[in-house]
Structure formats: structure tokens, C-alpha cells
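Peer 1: Predicted coordinates and the sequence they were generated for:
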Amino acid sequence: MEPYKNFRLCGYVYAYYLDEADEARIRRDIDFAKTYTAMDKVYLESHRALVDIPRDKLLRAKALFEESGFQVSGGITATALVDEPKPSLFDCFCFSDPRHRQRFYDIVRETASVFDEIILDDYFFSSCRCSLCIQQKGPLTWEEFKTRQFAEVSREIVSIARQVNPRCRFVIKYPNWYESYQATGYDPGVQKDIFDGVYTGTESRASNYNGQHLQRYLSYALPRFLENTAPGRNGGGWIDLGGASGDKNMWLEQANLTLFAKMPELMLFNFATVTQGDSLPPLGTDLRRVDALLSQAGAPEGVVTYEPHGSDGEDQLMNYLGMCGIPFEPKPAFDFSAPVLFLAENAAFGPGVVEKLKKYVENGGHAVITSGFLKAEWGKGIEDLTSLKPTGRRVTGTRYQVNYLNIPDGAIHQSDQPIPLEVFQNKNNATWNDVLLHVNDFCTPLLTQDLYGKGMLNTLIVPDNFGDLYRIPGPIWSFIAKVFARGARLFLGAEPRVNLFRYDNGVFAVYNYRPYGAPLELTLLDEQAAGFVDLETGERFTQPHHVNPQPRRMGDAATCRPEPLERVFRLHIAPGEFKFYRLLTE
């Protein structure tokens with residue numbers, strides 16, 4: 001089977017399989033994988049939990065895969081029982097204990113003697129709080145202690161591997177729970193300069209049936225974040241059938257979004273599972289389609305999101321908003337050149353963030369902050385940018401109104417269920433309420449705007465339950481998407497549970513996760529574009545469904561803020577389906 005043009009497909013062969021499988025089974029499973037896919041690389045795991053694969057057995061398995069045309073690397077899962085259990089979830093290694101360090105270092109040494117590349121499964125963390133950890137931690141916080149300790153261990157294992165095998169390339173795979181890295185020792189901002197490469201856990205799984213609040217959009221956003229952390233060294237995305245509630249569509253979504261993020265490898269966990277069930281045939285068909293589409297897509301782009309390493313607050317909010325049609329490009333550094341900059345509560349961990357934000361907006365930038373960020377920076381200078389003030393009071397309602405200064409909508413849009421929202425006091429005409437929630441004879445802002453210097457600051461009031469964002473009506477989301485799209489060529493207005501992906505060559509994609517195929521509204525802002533074309537069917541969209549009214553001068557105002565012409569097109573995308581398009585500029 002011909003290799004893929006835009007990525008390679010890999011399988012992670014975990015130690016339990018290698019421990020049990022004979023040569024005949026391995027050959028059968030190789031044939032199965034090659035029947036349905038162009039998989040051409042595997043990572044053979046030398047250790048997991050209580051299983052160690054002897055060196056001679058690793059070498060025999062390596063030879064079997066190489067005979068079938070596979071590139072073969074090694075893998076390690078950092079779980080074990082060393083003498084007695086530790087107070088650590090999943091029996092991860094305790095690197096405060098010299099016995100644990102020695103055991104792990106021996107595993108690394110043995111694995112490096114067999115392979116020229118090693119990847120660490122995402123159990124390379126520790127929640128251990130044994131007496132040794134407590135003693136060594138001292139006055140540090142657990143986050144400080146764990147990240148410092150793991151940076152030290154990271155340097156040591158990379159050094160050990162290179163001493164054994166100077167050709168050995170060492171890669172760290174990060175898990176999907178990025179908001180919690182620092183609590184267990186992960187620190188991509190430091191470790192990217194220790195390891196030869198990074199890898200991304202893109203297992204988004206079922207959002208309702210785990211405690212991680214994972215949304216499907218994570219499979220795209222997290223690899224983009226780690227790519228911006230270690231440019232050119234994010235080796236791929238790792239997907240997993242586990243936790244998908246038996247839904248094969250979720251399995252395909254993980255793969256698709258990982259590849260939409262332009263990852264060079266797609267890793268399947270694990271080889272034993274995918275070669276025994278019915279998950280590989282549909283994936284193989286899907287990958288051919290995605291590969292052809294990616295050949296036409298440029299570099300990913302989106303609303304730049306400031307995500308400092310080691311930050312905390314409004315966990316996973318970006319991915320909830322991504323499921324509301326907002327495309328993001330998360331970065332660990334404050335980007336003064338971004339056309340639009342998004343800051344949630346975790347951005348408050350960035351050094352000097354308010355002064356940077358003031359400078360950015362004053363010089364003409366457009367920032368969107370959340371109520372969580374505003375509260376985190378309250379009393380630290382954010383008051384210079386807005387008159388908004390948290391009250392702690394909450395109201396619950398279902399009726400929303402766009403109250404935009406240039407084009408007052410006036411229409412009331414109803415949600416299917418009431419949403420509790422914190423009341424933020426603001427001074428009329430010092431701050432403007434772009435979107436309001438109406439409750440009886442009272443209204444409170446959902447979205448506000450403030451002018452500062454040459455730029456603008458919008459504040460989005462976020463519900464306590466991020467899932468309530470999906471209750472906000474589609475017309476309201478269309479306006480919010482427009483606010484996020486300043487400087488962009490298009491935006492998507494729709495009921496939530498959809499994704500928009502943008503690329504820098506005018507290609508874009510839309511994914512519909514909703515259980516029905518109601519029309520989506522794609523608004524073109526690029527007046528030079530004649531429309532857009534479906535990359536697969538060739539269908540051309542050149543006649544908009546309608547054109548939104550242009551801004552007008554308000555009341556006794558002397559001027560009107562200019563805005564691009566908004567041509568609105570209707571798209572019909574089936575449930576669970578995606579489509580790629582390209583702007584027509586000729």
C-alpha cells in the first residue's frame with residue numbers, strides 16, 4: 001500500500017502483547033494492519049508495570065517488524081512495583097527513592113541498547129507523596145518540587161541513553177490533561193530543551209463520562225500548543241480507543257483532528273487492540289481521504305491563545321469554545337503581533353500580563369478576555385482597561401440580545417434551558433454591553449467592549465459550568481464568533497458542537513458533531529474572495545444566502561466604525577461529518 005503523503009501511521013506495541021504473542025500472531029497482526037492501512041512504523045515497549053521484555057525477545061520482535069518494512073523504535077511506560085507499593089496513583093515511579101531511580105535507569109539503559117529512538121508513554125509522572133517525597137519537598141510547593149525533580153530525572157535518563165547508544169533519540173509524550181502537568185512533574189517549557197522531541201496525547205474520548213472535561217477539539221488544540229512550544233519537534237499525536245464508550249466515530253475524530261493539526265505522525269494505541277477488532281478498516285479509509293485533503297491545506301491558523309506553561313484556571317475552556325466554532329492557535333508566549341489575542345484565567349500566570357495586555361491593546365491590538373481572567377487580575381491594573389467589576393451575584397435566564405453599538409439587533413434569542421451567569425457591574429457608556437442576558441426586568445452582560453488607545457478589549461462572561469456554553473443560542477454565537485474573527489477572512493456562526501479550522505492559504509474545514517444536520521452559517525469577511533469551493537466535490541459557493549447590513553452611525557455620533565462586508569452562506573454538513581473548502585480569489 002502506498003505511504004501517506006502528509007503523515008506516517010504508527011502503532012504502539014505494548015509490553016503485555018510482546019510478552020504473550022508468538023511469532024505467528026505477530027505476523028498475522030502485521031498482515032492485518034497492512035491490509036487496511038499504510039502503517040509503517042511501530043514502537044516496541046520494553047517495560048510496563050510488572051512486565052519486562054528480555055533483550056533477546058525485543059530483538060526478535062524488532063527483526064520481525066523490520067522484515068515487513070517497518071521502522072522500529074522503543075517505548076517505556078514508567079509504572080512498576082519496586083519492593084513495596086508507594087502512595088502514588090498507577091504505581092508510577094517515585095524519584096525521591098534511590099531504589100526507584102536505579103530501577104528506572106536500568107530500564108532506560110536496556111532499552112537504549114536495542115533502539116535508536118525511545119518514546120516515554122505518558123505515565124512518566126508521579127503523584128507520590130511518600131515520606132521521602134515530603135522530606136525532599138521541604139518548603140517548596142508540590143508543583144515546584146515535582147517539576148524540578150522531573151527536570152533532573154529527564155536530564156539523567158537522556159544522558160544515560162546517549163552513553164549507551166550515542167544515536168539514541170529520546171522523546172517525551174505528554175498526556176491530554178495539559179492543565180494539570182505541573183502538579184505531577186511535567187514541564188514542557190523546560191523539558192522541550194532536554195528531550196530530542198515531544199509527542200502529544202490527543203485522546204479526547206467521551207466528554208460526559210470521565211472527570212477530565214475533555215472536549216473533542218482538544219485533539220486539534222493540544223498538538224498545536226505543543227508544536228508552538230517546540231516548533232518542528234512535536235513528533236505526532238497519540239490516539240486511543242479507550243474511553244470512547246464504544247463509539248467508533250470518536251476514534252475517527254481523534255485521528256482526523258490530530259492530522260488537521262498537521263502532525264507528522266499518528267500513533268495508534270495500541271497495536272494489539274486495533275489488529276483484533278473492527279476499528280482499523282474504517283480508519284484506513286478515513287486516512288486516505290484526510291491525506292488527500294491535507295495536501296491542499298496550508299499551515300494552521302486561528303485566534304492566538306496565551307497559555308503560559310504551568311498555568312492554572314478555567315481548565316479546558318479553550319476546548320469548550322473550540323466546540324462553539326472558534327478556531328484557536330494556543331501559544332505559551334504572549335504574542336504582540338496577533339490580530340486577536342485570547343486570555344482566559346490561566347493567562348494570569350504569565351509574568352507582567354496586565355502591562356503586556358495594556359501595551360498590546362493601546363497599540364491597536366484586539367484582545368478578548370474572560371471573566372475569570374478579569375477576576376484574577378482585579379486590583380492589579382485591569383481596571384485601567386474596563387469599568388467591569390465582579391459582584392458575586394448570579395442570575396439565571398434564557399433570553400439573550402445582541403446590543404452591538406454599530407448595528408443594534410434588538411431581537412431576543414431564547415435558549416432551551418436557563419443558564420446561571422455572574423453579574424458584572426459596569427458603567428454605562430464607559431463600557432458597552434455587546435450581548436445581554438435578560439432576566440425579568442434586569443439584564444446583565446455576556447459580552448462587553450472597551451476602547452483603549454488604538455485597540456479594543458472584549459470581555460466574555462463565562463458560566464460556572466462550561467457545558468452551559470452549549471446552551472447559548474446560535475445567533476448569539478454567530479456574533480461572538482464575529483468578535484473573535486477580527487482580521488480574519490471568515491467565521492462560522494452556528495449552534496454549538498461544531499469546529500472551524502483555518503489554514504493560511506485560504507483553505508478551511510468545518511466539522512459537525514451534532515446529532516442532526518441543521519444548516520451552518522459561514523460568513524465571508526474577505527471582500528476579495530468570490531466565494532469558496534468544496535475541495536472534494538468541486539461545488540462552488542458564490543451566491544450568499546444573505547448579506548448582513550453594514551454598520552451605521554448611531555444617534556448623535558459623528559462617525560461610524562467601519563467593518564468588512566459580511567456575506568453569509570448556508571452549509572449543510574451531516575452529523576459526524578466534515579468538509580474542506582478553499583476560498584475563491586481569482
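Peer 2: Everything's here; your move. The structure displayed is predicted, hence computed values, not measured ones.
Peer 1: Could you use CA atoms for every contact and neighbour count after this?
Peer 2: Fine.
Peer 1: per the record, what domains does the protein have?
Peer 2: Listed by automatic domain parsing, the domain ranges of the chain are 8-295, 301-584.
Peer 1: What separates the first and last residues of the last one, distance-wise?
Peer 2: Between the opening and closing residues of domain 301-584 lies a distance of 18 Å (CA to CA, to the nearest Å).
Peer 1: how far does that domain sit from the chain's center?
Peer 2: 18 Å (CA atoms, centre = their mean, to the nearest Å).
Peer 1: that older thread, can the domains of the chain go into TSV with extra columns for mean pLDDT, mean neighbour count and distance to Glu2?
Peer 2: Output for these, formatted as TSV (pLDDT from 0 to 100; neighbours: other CA atoms under 10 Å; distance: least, CA to CA, whole Å):
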stretch	mean pLDDT	mean neighbour count	distance to Glu2
domain 8-295	95	19	7
domain 301-584	95	19	20
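Peer 1: Compile the ones you listed into JSON lines and extend it with columns for distance to Met1.
Peer 2: Shown next, in JSON lines, are the domains of the chain (distance: least, CA to CA, whole Å):
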{"stretch": "domain 8-295", "distance to Met1": "6"}
{"stretch": "domain 301-584", "distance to Met1": "22"}
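Peer 1: give me every residue that touches the residue nearest the centre of the chain.
Peer 2: For the chain, the residue nearest the mean C-alpha position is Ala221 (2.3 Å; CA atoms, centre = their mean). Contacts were defined as CA atoms under 8 Å, 6 or more residues apart in numbering; by that measure Ala221 touches 261, 319, 328-330.
Peer 1: ditto for Asp91
Peer 2: Asp91 makes contact with 49, 79-81, 85, according to CA under 8 Å, 6+ apart.
Peer 1: Most widely separated two among those residues?
Peer 2: Ala49 and Pro85 (11.9 Å; CA to CA).
Peer 1: Tell me where the stretch 101-250 of the chain has helices.
Peer 2: Taking DSSP state H, counting those that start in this stretch as the criterion, the stretch 101-250 of the chain carries its helices at 131-137, 142-164, 181-184, 188-191, 218-229, 248-260.
Peer 1: export those helices to JSON lines and tack on distance to Ala61?
Peer 2: Below are the helices of the stretch 101-250 of the chain laid out as JSON lines (distance: least, CA to CA, whole Å):
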{"stretch": "helix 131-137", "distance to Ala61": "38"}
{"stretch": "helix 142-164", "distance to Ala61": "21"}
{"stretch": "helix 181-184", "distance to Ala61": "33"}
{"stretch": "helix 188-191", "distance to Ala61": "31"}
{"stretch": "helix 218-229", "distance to Ala61": "30"}
{"stretch": "helix 248-260", "distance to Ala61": "27"}
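Peer 1: quick one: which of these is nearest Val13?
Peer 2: For Val13, the closest of these is helix 248-260, at 18.0 Å, according to CA to CA.
Peer 1: Give me the next element, helix or strand, following the closest one.
Peer 2: Sequence-wise, the next helix or strand downstream of helix 248-260 (DSSP states H and E) is strand 265-269.
Peer 1: Which strands or helices does that following strand pack on?
Peer 2: Judged by 3 or more CA pairs under 8 Å, 6 or more residues apart in numbering; DSSP states H and E, strand 265-269 is in contact with strand 8-13, strand 234-240, helix 248-260.
Peer 1: go with 7 Å
Peer 2: The helices and strands touching strand 265-269, judged by 3 or more CA pairs under 7 Å, 6 or more residues apart in numbering; DSSP states H and E, are strand 8-13, strand 234-240.
Peer 1: Make TSV from these and add distance to Asn465 to it.
Peer 2: Converted to TSV, these look like this (distance: least, CA to CA, whole Å):
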stretch	distance to Asn465
strand 8-13	36
strand 234-240	27
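Peer 1: For Val108, which of these is the nearest?
Peer 2: strand 8-13 (17.1 Å).
Peer 1: Need the contact partners of the closest one.
Peer 2: Applying CA atoms under 7 Å, 6 or more residues apart in numbering, the contact partners of strand 8-13 are 38-45, 264-272.
Peer 1: before we move on, the earlier item: nearest to Ile412, out of the helices and strands packed on strand 265-269?
Peer 2: Using CA to CA, the nearest of these to Ile412 is strand 234-240, at 42.1 Å.
Peer 1: Direction included, what does the closest one pair up with?
Peer 2: strand 197-201 (parallel), strand 265-269 (parallel) (DSSP bridges).
Peer 1: of those, which approaches Pro420 most closely?
Peer 2: Taking the strands paired with strand 234-240 one by one with CA to CA, strand 197-201 is closest: 33.1 Å.
Peer 1: for the stretch 451-586 of the chain, what spans make up the helices?
Peer 2: For the stretch 451-586 of the chain, helices defined by DSSP H, counting those that start in this stretch occupy the ranges 474-484.
Peer 1: Check which helix or strand Asp19 maps to.
Peer 2: Assessed by DSSP H and E, Asp19 sits inside helix 15-20.
Peer 1: Could you give the separation of that helix from the chain centroid?
Peer 2: 32 Å.
Peer 1: Of all the helices of the stretch 101-250 of the chain, which one is nearest Tyr17?
Peer 2: helix 248-260 (21.2 Å).
Peer 1: Can you name the residues in contact with the closest one?
Peer 2: 202-205, 219-220, 237, 239, 241, 244, 279, 283.
Peer 1: Looking at those residues, which one is closest to Asn426?
Peer 2: Relative to Asn426, the closest of the contacts of helix 248-260 is Tyr220; by CA to CA it sits at 36.1 Å.
Peer 1: Skipping adjacent residues, who's closest to the closest one in space?
Peer 2: Nearest residue to Tyr220, sequence neighbours excluded (CA to CA, 6 or more residues apart in numbering): Leu257, at 4.8 Å.
Peer 1: What's the separation between that neighbour and Leu218?
Peer 2: With CA to CA as the criterion, Leu257 and Leu218 are 8 Å apart.
Peer 1: try Glu577
Peer 2: In this structure, Glu577 and Leu218 are 17 Å apart, going by CA to CA.
Peer 1: Ok, Arg514 next?
Peer 2: 17 Å.
Peer 1: cool, Gly365 as well?
Peer 2: From Gly365 to Leu218 the distance is 27 Å (CA to CA).
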